[in-house]
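>>> Build the 3D model from these lines:
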Amino acid sequence: VKLIVFFRGWNVNNQWLFETFLLKKLTKILLLADRYLVLNTTVEKYLIAKKVNPSNISRATTVIPDSYSMSDIYIEQSISKEKIRLLFLGRVVVEKGLYELVSSMKKLHGKATLTIVGDGDAWNDLYDEIRQDNKLNAMINIKHSITGRDKLSCYLEHDVFILPSYSEGMPNSILEAMALGLVVVGSSVGALPSLISKYGGLIVRPKSDKSIVSAINKITDDKQYYYSESSKKRNIVKNNFSAYCVRDYLLHEYNILLRM
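Have a look, this model is predicted:
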């Protein structure tokens, strides 16, 4: 039986676990696969360092829901809006760069508002920090995870999607935001730099509130450009990351392997 291993996520800080006694046997088995699908160059470099033939490694993608890829619904930003509306949607954990994001809000001098949506072990601490600071409380709204139409509506109520993570693969949330025409800001990890450079968003350094502030200031200083770029390029995402496109890609990869 042919074996494909699809690395859907990767945390560089936990990479050492593959060398531990408990996982070493599993690692050996994984490294005997016939083909590997990866989401970014970090995993690819790790596999090549483990003597995997580069020709057996292919770059895969994640998928955006049909309601995002097949719909003509998208954000229509108002250029005259005084404050831009930032959105974070994902796991509420330290590794997503949320404390740096909250810190950056204090330095934006009221130029933006921020909505944080999700669940995770940092939720309560983050909520308390925001609510105990009058300035932050006026700028930031934090709420638990939402799904379906509520999630779609949440995207459409914002202008900029921001994901300042310490590590990532290829997050669905970024693709969803792009498909809906939001301006995107993401950290220089995983597949984010290549995605964002094609799409026309902004890249920030991980663990840097100064970098976040600089990126948001760039957007507020030239809303017309960034809003226009995100609106024009949303079809790139819709045409490459829909379930149908990814399905055809995976079938192609499977068929290649079966013919080998």
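
>>> going forward, measure contacts between C-alpha atoms and count neighbours the same way
OK.

>>> any idea how far the least confident helix or strand in the chain by mean pLDDT is from the chain center?
The least trusted helix or strand in the chain, going by mean pLDDT, DSSP states H and E, turns out to be helix 66-69, with a mean of 78. From the chain centre to the centre of helix 66-69 is a distance of 17 Å (C-alpha atoms, centre = their mean, to the nearest Å).

>>> other SSEs contacting the helix or strand just after that helix?
Toward the C-terminus, helix 66-69 is succeeded by strand 84-89 as the next helix or strand (DSSP states H and E). Under the contact criterion of 3 or more C-alpha pairs under 8 Å, 6 or more residues apart in numbering; DSSP states H and E, the helices and strands touching strand 84-89 comprise strand 112-117, strand 160-163.

>>> Show me how far the host helix or strand of residue 125 is from its chain's centre.
Here residue 125 sits within helix 123-131, counting by DSSP H and E. Its chain's C-alpha centre and that of helix 123-131 lie 23 Å apart, by C-alpha atoms, centre = their mean.

>>> what's in contact with that helix?
The contact list for helix 123-131, computed with C-alpha atoms under 8 Å, 6 or more residues apart in numbering, reads 92, 93, 99, 136, 137, 140, 142.

>>> From these, list the buried ones, please.
92, 93, 99, 136, 140, 142 (16 or more other C-alpha atoms under 10 Å).

>>> In strands, which of those residues fall?
140, 142 (DSSP state E).

>>> all helices for the chain, in order.
Taking DSSP state H as the criterion, the chain carries its helices at 21-30, 41-49, 66-69, 98-106, 123-131, 134-139, 148-156, 172-179, 192-199, 209-221, 223-240, 243-259.

>>> how big is the angle separating the longest one from helix 172-179?
On the basis of axes from the mean of the first three to the mean of the last three C-alpha atoms, to 10 degrees, helix 223-240 is oriented at 110 degrees to helix 172-179.

>>> how far does helix 223-240 sit from the chain's center?
With C-alpha atoms, centre = their mean as the basis, the mean position of helix 223-240 lies at 16 Å from the chain mean.

>>> circling back to that earlier point, how about the helix holding residue 125: buried residues?
Judged by neighbour count using 16+ other C-alpha under 10 Å, the buried positions of helix 123-131 are 123, 126, 127, 130.
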